[in-house]
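Participant: sequence and computational prediction follow.
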Amino acid sequence: MKRYILLMIIVFPLYLQASSRIALYNDGGYGTWLDGLKAIEQFLIWKGIAYTEVNADTINNADWENRYAAVCFPGGYAYYYKLAINETGLEKIRNFVRQGGAYWGICAGAYFASDSVQWEEDGLLDYPLDLFDGVAIGAIDSIAPWDQYTMTRVNLNPNHPINQFEPASEMILYYGGPFFRKHPGASMDTVGTWDAYFNLPGIVTCNYGSGRVLLMGPHPEIEEDSDRDSTTFADELDDAGSDWPFLWSAIDWLLGQPITYPDPSALPKTRFGKRKKPTLNFQIAPNPFNGQTRVTIVASGGQGTATLQVFDVLGRLVLKRTLTALREKQKIFLNVGSQPSGVYFLQINSHGIIQTKKMLLIR
């Protein structure tokens, strides 16, 4: 009998850890915002929740549904999520949540989970995952026009169980996220609203079948004045206290666990000094060009990496390069190979800043 009790003490926590594992989507930076991804991973490590990175091939083709309690699509570009996850993968996600799994979407991941998206001047766009029966609408220019970012106040609904340990509001990073509007007859519970935008819903939950869905417009995973999120993004800003305790309770709700709150002694006690906001700019010359052109990149914020991507007018990726140890001023030659004449777009991502410029190839 004693041996049986000891076995239960050892095995039961291992079962809990396995059942709390989160599948964290990462497409290598094609659509996934890598700073946000790193911050989520550091938060999950801090909370003690196991996670595994998965890509589109896993979602679309592997039998992953029985190995995880939740799937998370982080911030980034929802359109690329839409391109990467095929109908088989979409149905796998829907069945996973319908049968009791959970979905966590932050910013782009929240857009991706909605029935439709209204993005800037693009009109109403159909999105096929349909976990949330409503529209995700952004960016909210009155908070910060895309692709700028800022801190903004999110008012928290005291009647939602996630917020039972929270103050009336939190200052959270805004970086292009939506507000949510449910369709008539649909269900949606509001966790938080945009104080600076008519108190419209910015963090919401809903049920899909037997599963739970948590959609976040802002980015509570980013610790603006602390380096424990393993990214320097937005470190020049101040969140007036960590957002991770809110996220702690939110993930408890997502996983169907008792809502808890972290030990306050585990929160950072010191503030980091203000840092100069990183900058990024680049020039393309010649432009128009014939096959090869020179790109001059000017970046501040310390040595880092830069991702260069060239897209055609249909949004298809035709070239991708990664620069390591990026200097403050760097010149590179860019060759688009055998691409036909036409308009292309060069996008550079460095220090969390994304800049895009048009190029004209003339053969």
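Facilitator: Noted; the coordinates are in hand.

Participant: from here on, just use CA atoms for contacts and neighbour counts.
Facilitator: Noted.

Participant: what stretches of the stretch 251-363 of the chain score poorly on pLDDT?
Facilitator: With pLDDT under 70 as the threshold, the stretch 251-363 of the chain has low-confidence stretches at 264-277, 301-304, 325, 352.

Participant: if you set the cut-off to 90 instead, what comes out?
Facilitator: Residue ranges of the stretch 251-363 of the chain with pLDDT under 90: 262-281, 291, 296-309, 311-317, 320-332, 336-338, 347-358, 363.

Participant: all strands for it, in order.
Facilitator: Per DSSP state E, counting those that start in this stretch, the stretch 251-363 of the chain carries strands over the ranges 279-290, 292-300, 304-312, 317-326, 329-335, 342-350, 353-361.

Participant: give me every residue that touches the residue positioned nearest the centre of the chain.
Facilitator: Nearest to the geometric centre of the chain sits residue 75, at 1.5 Å (CA atoms, centre = their mean). By CA atoms under 8 Å, 6 or more residues apart in numbering, the residues touching residue 75 are 32-33, 36-37, 105-109.

Participant: can I have the buried ones of those as a PyMOL selection?
Facilitator: Entered in PyMOL, the line below selects the buried ones among these, by 16 or more other CA atoms under 10 Å:
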select buried, resi 32+33+36+37+105+106+107+108+109
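
Participant: from the contacts of residue 75, which land in strands?
Facilitator: Secondary structure defined by DSSP state E assigns 105-106 of these to strands.

Participant: the contacts of residue 75 into JSON lines, with extra columns for pLDDT?
Facilitator: Converted to JSON lines, the contacts of residue 75 look like this (pLDDT from 0 to 100):
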{"residue": "32", "pLDDT": "96"}
{"residue": "33", "pLDDT": "96"}
{"residue": "36", "pLDDT": "97"}
{"residue": "37", "pLDDT": "97"}
{"residue": "105", "pLDDT": "98"}
{"residue": "106", "pLDDT": "98"}
{"residue": "107", "pLDDT": "98"}
{"residue": "108", "pLDDT": "98"}
{"residue": "109", "pLDDT": "98"}
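
Participant: pretty sure residue 92 sits in a helix.
Facilitator: Yes. Counting by DSSP: H, G, I helix; E, B strand; the rest coil, residue 92 is located in a helix.

Participant: gap between it and residue 58?
Facilitator: For residue 92, the distance to residue 58 (CA to CA, to the nearest Å) stands at 11 Å.

Participant: likewise for residue 286?
Facilitator: Distance of residue 286 to residue 58, given as CA to CA: 42 Å.

Participant: picking up where we left off before, neighbour count winner among residue 92 and residue 58?
Facilitator: With neighbours defined as other CA atoms under 10 Å, residue 92 and residue 58 compare such that residue 92 has more, 19 against 14.

Participant: got a list of what the more buried one touches?
Facilitator: Per CA under 8 Å, 6+ apart, neighbours of residue 92: 59-60, 65.

Participant: emit the ChimeraX select command for whichever of those residues are buried.
Facilitator: Buried residues among those (16+ other CA under 10 Å), as a ChimeraX selection:
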select :59,60,65
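
Participant: what segments of the stretch 1-150 of the chain are strands?
Facilitator: Remark: strands assigned in the stretch 1-150 of the chain by DSSP E, counting those that start in this stretch are 22-25, 51-54, 70-73, 102-106, 114-119, 124-126, 132-138, 150-156.

Participant: and the fifth one, what does it pack against?
Facilitator: What that stands for is strand 114-119. strand 124-126, strand 132-138 (3 or more CA pairs under 8 Å, 6 or more residues apart in numbering; DSSP states H and E).

Participant: so the last one versus strand 114-119, what angle?
Facilitator: Orientation check (axes from the mean of the first three to the mean of the last three CA atoms, to 10 degrees): strand 132-138 against strand 114-119 gives 10 degrees.

Participant: cool, thanks, signing off.
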